[in-house]
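1. Build me a structure from this.
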Amino acid sequence: MTGRPSRQAWMIVGGGFLAFTVSASLMHAYTVFLLAFVAEFGWSRADASLAYSVGQIIGGLSSPLVGGLVDRLGARRMVLLGGCLLTAGLLGSSQATTLWQVVLLYGVVMTLGANCIGLVVFVPLVSRLFVAQRGMAISLLQSANGFGRAISAPVAQWLVDEAGWRNAYLLQAGLMGVLVIPLAAMFRRAEAAIPAGVTGAPVDGRAWTLAEAARTRHFWLLFLVYMLTSIGSFLVSLHQLAFAVGQGFEPLYAAFVLGMGSLLALPGVILTGTISDHIGRERAAILAYAISILGVAAALLIDSGDQHLMLWLHACFFGITWGARGPAITAKTADLFGGPRLGTILGVITVGSGLGAGIGAWGAGLLFDVTGTYRPAFVLSILAYAAGAVAFWALRRPVSA
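-> Okay, here's the model as predicted:
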């Protein structure tokens, strides 16, 4: 489909944005519940981070399954399945009393549900409807992750403060239960909007299979980019609020500042994805890496709770590039390995993202338990971002089997 995208195509992007926003906000709220778990159960930061880390790994490992299912079942059935799993996980979490229950409910049940309402489901559909504007369309979808993250922290913190963490989970479960059918209904006619013969193949016209893609250097470079980017991001993101509170900032204020910074991901992701259509995926991604590094460096300069400017700089620089590399990476995957098996290929490559996120989220908690500070984790975040930029730059060469 090389012409101008139809109105129906843009409506599908909008539906994906809304569905992804809901699932992302529910999952990112864990950063608030982490502190509630530490306070009530006396868990260490590493223990409290375990469910989140397991969730990221499960999210990555289940992506090939989800990618294969969406190629066969379509977006509507996947969204319906994901909504039901999220509702069940939230209800169960409200009654959790032990660490293994939180790990199972959040790390497995809710993660599988969120994966069914995420990029692996929506990108194959959207990439078939957009070619020249693929980066922009995918960036609009990806921006839902940052938008959901932005609203999750202040809203979840308010719910926990007003009603307690168990009732906060119950309220979230009710919201998901009410929205699941309308969200799924948005995609009832999604596949019918794709003109006959449109497969979203790359510019060379080749329809890649997973086996063919896995034999290329670019496939594994993309895997590495996903993993390094997630390590860099999640060494910081899950523990941002805990770090700010530990430095002396009031919890609700810190949640507000970090939430406002996360809100910048909405224009940041869209801008990065859009300019990647014009200056190239690699240059756009490297610019995002550089800004993220500045954001983490700002956090390293915070020593006390009166350094409001540095907290805002950290929140804004880190927030505006949260997920900003995602559209460039995902669009690059579609550029290189398009075709009817894109969902499966993207799902396998996304395993790297899940592994990196799990390593980063749990590793930051472990480093805090060992050293009493998040600074080593933040330094490692900068190194991971730098390595990811180098790996992404290597993708500029033509793909060869």
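2. what does stretch 373-390 contact?
-> Outside of stretch 373-390, the residues within contact range by C-beta atoms under 8 Å, 6 or more residues apart in numbering are 224-225, 228-229, 231-233, 235-236, 239, 242-243, 246, 285-286, 289-290, 292-293, 296-297, 299-300, 325, 356, 360, 363-364, 367-368. In this view, the C-beta of every residue, glycine as well, is placed from N, C-alpha and C.
3. Next, residue 354: secondary structure please.
-> Taking DSSP: H, G, I helix; E, B strand; the rest coil as the rule, one finds residue 354 in the helix state.
4. isn't it right next to residue 59, touching?
-> Yes - with contact defined as C-beta atoms under 8 Å, residue 354 counts as touching residue 59 (4.5 Å).
5. out of the contacts of stretch 373-390, which are buried?
-> With neighbours counted by 16 or more other C-beta atoms under 10 Å, those contain buried members at 224-225, 228-229, 231-233, 235-236, 239, 242-243, 246, 285-286, 289, 292-293, 296-297, 299, 325, 356, 360, 363-364, 367-368.
6. Identify those among these that sit within helices.
-> Cross-referencing the buried ones among the contacts of stretch 373-390 against helices under DSSP state H gives 224-225, 228-229, 231-233, 242-243, 246, 285-286, 289, 292-293, 296-297, 299, 325, 356, 360, 363-364, 367-368.
7. which residues of the protein score low on pLDDT?
-> Along the chain, the model assigns pLDDT under 70 to residues 1-6, 131-132, 134-135, 188-206, 338-339, 398-401.
8. Remind me which helix or strand the residue nearest to the spatial centre of it belongs to.
-> Nearest to the centroid of the C-alpha atoms of the chain, with distances taken as C-alpha atoms, centre = their mean, sits residue 145, at 5.5 Å. For residue 145, the enclosing helix or strand under DSSP states H and E is helix 134-163.
9. coming back round to it: quick one: which of residue 354 and residue 59 has more around it?
-> Using other C-beta atoms under 10 Å, the more surrounded residue of residue 354 and residue 59 is residue 59, with 27 against 24.
10. What strand or helix carries the more buried one?
-> Mapping residue 59 onto the secondary structure by DSSP H and E places it in helix 45-73.
11. distance between that helix and the chain's centre?
-> When distances are taken as C-alpha atoms, centre = their mean, to the nearest Å, helix 45-73 is centred 11 Å away from the chain's centroid.
12. Could you point out the helix or strand that follows that helix?
-> Moving toward the C-terminus from helix 45-73, the first helix or strand encountered (DSSP H and E) is helix 75-93.
13. which secondary structure elements does the next helix or strand after that following helix contact?
-> Stepping forward along the backbone from helix 75-93, the first helix or strand reached (DSSP H and E) is helix 99-102. Taking 3 or more C-beta pairs under 8 Å, 6 or more residues apart in numbering; DSSP states H and E as contact, the helices and strands that helix 99-102 lies on are helix 45-73, helix 75-93.
14. who's in contact with helix 99-102?
-> Applying C-beta under 8 Å, 6+ apart, the contact partners of helix 99-102 are 37, 41, 43, 47, 50-51, 92-93, 96.
15. Please export the C-alpha coordinates of it as CSV.
-> The C-alpha coordinates for helix 99-102 follow below in CSV (Å, rounded to 0.1, in the frame of the first residue of the first chain):
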residue,chain,number,x,y,z
LEU,A,99,5.9,-12.9,47.1
TRP,A,100,5.3,-15.9,44.9
GLN,A,101,1.6,-14.8,44.5
VAL,A,102,2.7,-11.4,43.3
